[in-house]
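Colleague: structure for the following, please:
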Amino acid sequence: MTTANAPLTSDSTGPRWPVRVDRLLRQLPWICGALSVAIGALTLFGWFLGRPEWTSVLPGLPPMESNSALMAVAAGVSLVLLAPMDASRARTVSGRILAGATLLFAILPLVEHALRVDMSIDRLLSHGETPFHSPPGRPSPQTAAAFGLIGATLLTLNVTMRREFRPAQLLAVLAALVPLISVLAYLFGTAELYGPQAVYPFIGMGIPTAGALLALSAGALAARAGEGPLSVLIRPDSGGLASRQLFAWLLFLAAATGGIEAGARFGFYAAPIGSAGVVLLGVVGGTVFVLRVAHTLSRMDRAAQSALQARDDLMGVVAHDLRNPLSVIVMQAEYLRMLPAPKDTEADESADAISRSAMRMNRLIQDLLDVSRIEAGSLSLRCTESDTAQLLATAVDSQQPLASAGQIDLVTDIAAPLPKILADQDRLMQVFENLIGNAIKFTDPGGRITVGARPQAGDVLFWVSDTGAGMRQEDLPRVFDRFWRAQEGAKHGAGLGLPIAKGVVEAHGGRIWVESALSSGTTFSFTIPAVGSPPPATRS
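Modeller: Residues are numbered from 1 along each chain as shown. Next up is the predicted model:
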């Protein structure tokens, strides 16, 4: 199975874009962190040496305050230390200390601005006067807020919440919006958005400050771009292709728009001509972008259709040319046991082994066909009103001999009363068989498996919980991928049971998820709509 970080071979649908983007994203945190450190260090030297031109791009524009420069240096070093996924404990602790210091130095100025007090932290590095901020050295409110978001981003860089939500990515985007507004204000001459105002004169953001904040935000996003929503940029599928081309187009459009506007501001042509150029660029460039993406996606669609047709042809061969010989093998094994010959224990055992192997092969073929139907959206259901408690008891009873053979305690936890569900009983039994069977495989003798159900907001919530070895957090997003297995071992199957369970549950209009941790067991949960709840939008 192709993963987001797997190298791609060159082909007509988009040669090695994901590989190049992945490499760039791996290097970007280091580059952005170093850029932030360089900007901050240059500004600090400017304050210490009395060189105001080092603190601002042009005379008359807001400078980068000394405390802001210190935060830029601390956050830049923190980003470099925390960027690697396998960073050592010493690096991680050092990086978090610097991130925490950045957050603290950002919160204190916000308190000073809000309460109109001086905590004597503003003149730690600067003793001069500035026409923009007072006291000198104090970051403006928007600068302090942005650096506070950067500090929080770095502190939560490795935090993952439910459904793969990474708060650091949201915080980094919010942090980037503040300096981006100032950059656009500089570009379009809107001084109210980057300089002091009559209402509150101590606001504004210098161009060096905006540059450092944008670099830190970009580096933090790139540091974990392989996970969460941003992982689409390195996926080798149509979504990844479209997002990469859109991202490249947006970067080009931003640079071109900035160039056109700068030309108008420096008097190379009139402002209306520049505005017309921006509109023309957007229309022509947008059309070219849409046509290019559409053409590439059309080629990928044709390739996908060819692959689907080849798969369907192969499934037809599997269903017909393999199942028929297997049926003959099973019948012949039964015939051997029925021969009126002297009782031969070894022959009977051989016949049983042949029969079991043939049945396992037949089950694997059926699983392949089910996966194919699920992916094609053609899985058929014969839904009837079912007694939930009775269905659950039947599922547990069917697996009880296997659990007893493994010296595992298989128990139920059923809330009464349970509403009826509208379900295909055979398919739902298939889900329980896969989930309970997996739990038995990965639970040691003496362990416990609990199968439970309770009503929940128009659904019935089912779960299968075990006391087994559990799974690593990085493996959880892949457990429902077909043919994927957490570890190699003799007890593992073909990796089709969980994808089939997911497809069956979703075909019923429910959802399925997993919670696990190493040495803490695993819990698979899924919902099925109760009778009387709204039907699923689609059901094959």
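
Colleague: please enumerate the strands of the stretch 301-450 of the chain.
Modeller: 384-386, 409-414, 421-423, 448-456 (DSSP state E, counting those that start in this stretch).

Colleague: given the longest one, what are its sheet partners and their directions?
Modeller: It stands for strand 448-456. Using DSSP bridges, the strands paired with strand 448-456 are strand 409-414 (parallel), strand 459-466 (antiparallel).

Colleague: switch those over to a markdown table; also include mean neighbour count.
Modeller: No exception for glycine: its C-beta is placed from N, CA and C like everyone else's. A markdown table is the format used below for the strands paired with strand 448-456 (neighbours: other Cβ atoms under 10 Å):
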| stretch | mean neighbour count |
| --- | --- |
| strand 409-414 | 15 |
| strand 459-466 | 22 |
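
Colleague: looking at those, which is nearest to R482?
Modeller: Comparing these by their distance to R482 (Cβ to Cβ), the top pick is strand 459-466, with 19.8 Å.

Colleague: list the contacts of the closest one.
Modeller: 388, 392, 418-419, 421, 432, 435-436, 439, 442-443, 447-455, 510, 521-530, 533 (Cβ atoms under 8 Å, 6 or more residues apart in numbering).

Colleague: what's the model's confidence in whichever strand or helix holds L44, averaged?
Modeller: L44 is part of helix 17-49 when elements are defined by DSSP states H and E. Here helix 17-49 scores 82 as its mean pLDDT.

Colleague: and that helix, what does it pack onto?
Modeller: The contact analysis (3 or more Cβ pairs under 8 Å, 6 or more residues apart in numbering; DSSP states H and E) places helix 17-49 against helix 66-82, helix 207-223, helix 238-265.

Colleague: mean pLDDT for those: which is lowest?
Modeller: helix 238-265 (a mean of 76).

Colleague: circling back: type out the PyMOL command that picks the buried ones from the contacts of strand 459-466.
Modeller: In PyMOL, a selection of the buried entries from the contacts of strand 459-466 looks like this (16 or more other Cβ atoms under 10 Å):
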select buried, resi 388+392+418+421+432+435+436+439+442+443+447+448+449+450+451+452+453+510+521+522+523+524+525+526+527+528+529+530+533
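
Colleague: re earlier: make JSON lines from the strands paired with strand 448-456 and add mean pLDDT and distance to W54 to it.
Modeller: Below are these laid out as JSON lines (pLDDT from 0 to 100; distance: least, Cβ to Cβ, whole Å):
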{"stretch": "strand 409-414", "mean pLDDT": "91", "distance to W54": "68"}
{"stretch": "strand 459-466", "mean pLDDT": "93", "distance to W54": "62"}
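
Colleague: correct me if wrong: L435 contacts V504.
Modeller: No - in this structure L435 lies outside contact range of V504 using Cβ atoms under 8 Å: 10.9 Å.

Colleague: re earlier: and of the strands of the stretch 301-450 of the chain, who's closest to A172?
Modeller: Across the strands of the stretch 301-450 of the chain, closest to A172 is strand 448-456 (Cβ to Cβ), at 34.8 Å.

Colleague: what's the closest one in contact with?
Modeller: Against strand 448-456 from outside (Cβ under 8 Å, 6+ apart): 388-389, 392, 395-396, 403, 408-415, 418-419, 432, 436, 439-440, 443, 460-467, 527, 530.

Colleague: how far off centre is stretch 372-388?
Modeller: 29 Å (Cα atoms, centre = their mean, to the nearest Å).

Colleague: quick check: buried residues in that stretch?
Modeller: S372, R373, I374, L379, L381, C383, S386, T388.

Colleague: ok, the second one to P499 distance?
Modeller: When Cβ to Cβ, to the nearest Å is applied, the distance between R373 and P499 equals 12 Å.

Colleague: what is the burial count for L44?
Modeller: 22 (other Cβ atoms under 10 Å).

Colleague: going forward, the N-terminal residue is numbered 17.
Modeller: Renumbered: residue one is now 17, and that last one reads L60.

Colleague: okay, now V127: neighbour count?
Modeller: 11.

Colleague: repeat that for Q423.
Modeller: Look at Q423: counted by other Cβ under 10 Å, it has 11 neighbours.

Colleague: which ones are touching it?
Modeller: Shown in contact with Q423 (Cβ under 8 Å, 6+ apart): P461, G462.

Colleague: rerun that using 10 Å as the cut-off
Modeller: Going by Cβ atoms under 10 Å, 6 or more residues apart in numbering, Q423 touches T459, D460, P461, G462, G463.

Colleague: adding pLDDT, write those out as a markdown table.
Modeller: Shown next, in a markdown table, are the contacts of Q423 (pLDDT from 0 to 100):
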| residue | pLDDT |
| --- | --- |
| T459 | 90 |
| D460 | 89 |
| P461 | 91 |
| G462 | 91 |
| G463 | 92 |
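
Colleague: which of those lies closest to R498?
Modeller: T459 (23.5 Å).

Colleague: for the residue nearest to the closest one when sequence neighbours are not counted, what are its contacts?
Modeller: Closest residue to T459 apart from its sequence neighbours, by Cβ to Cβ, 6 or more residues apart in numbering: G484 at 4.1 Å. Counting by Cβ under 10 Å, 6+ apart, G484 touches 424, 454-460, 463-465, 532, 535-538.

Colleague: my read is G484 is in a helix, agree?
Modeller: No - checked against DSSP: H, G, I helix; E, B strand; the rest coil, G484 lies outside a helix; its state is coil.

Colleague: now it: how far from T538?
Modeller: G484 sits 6 Å away from T538, going by Cβ to Cβ.

Colleague: where do the strands sit along the stretch 117-266 of the chain?
Modeller: In chain order, the stretch 117-266 of the chain shows no strands, with DSSP E, counting those that start in this stretch as the criterion.

Colleague: what about the helices in it?
Modeller: Secondary structure of the stretch 117-266 of the chain by DSSP state H, counting those that start in this stretch: the helices cover 157-171, 183-204, 223-239, 254-281.

Colleague: state the mean pLDDT of the first one.
Modeller: The reference is to helix 157-171. pLDDT averaged over helix 157-171 gives 92.

Colleague: shaky segments in the stretch 367-516 of the chain?
Modeller: 376, 392-394, 499, 501-511 (pLDDT under 70).

Colleague: element containing M487?
Modeller: Using DSSP H and E, M487 falls within no helix or strand.

Colleague: doesn't G227 make contact with L196?
Modeller: No - assessed by Cβ atoms under 10 Å, L196 is found out of contact with G227, at 11.1 Å.
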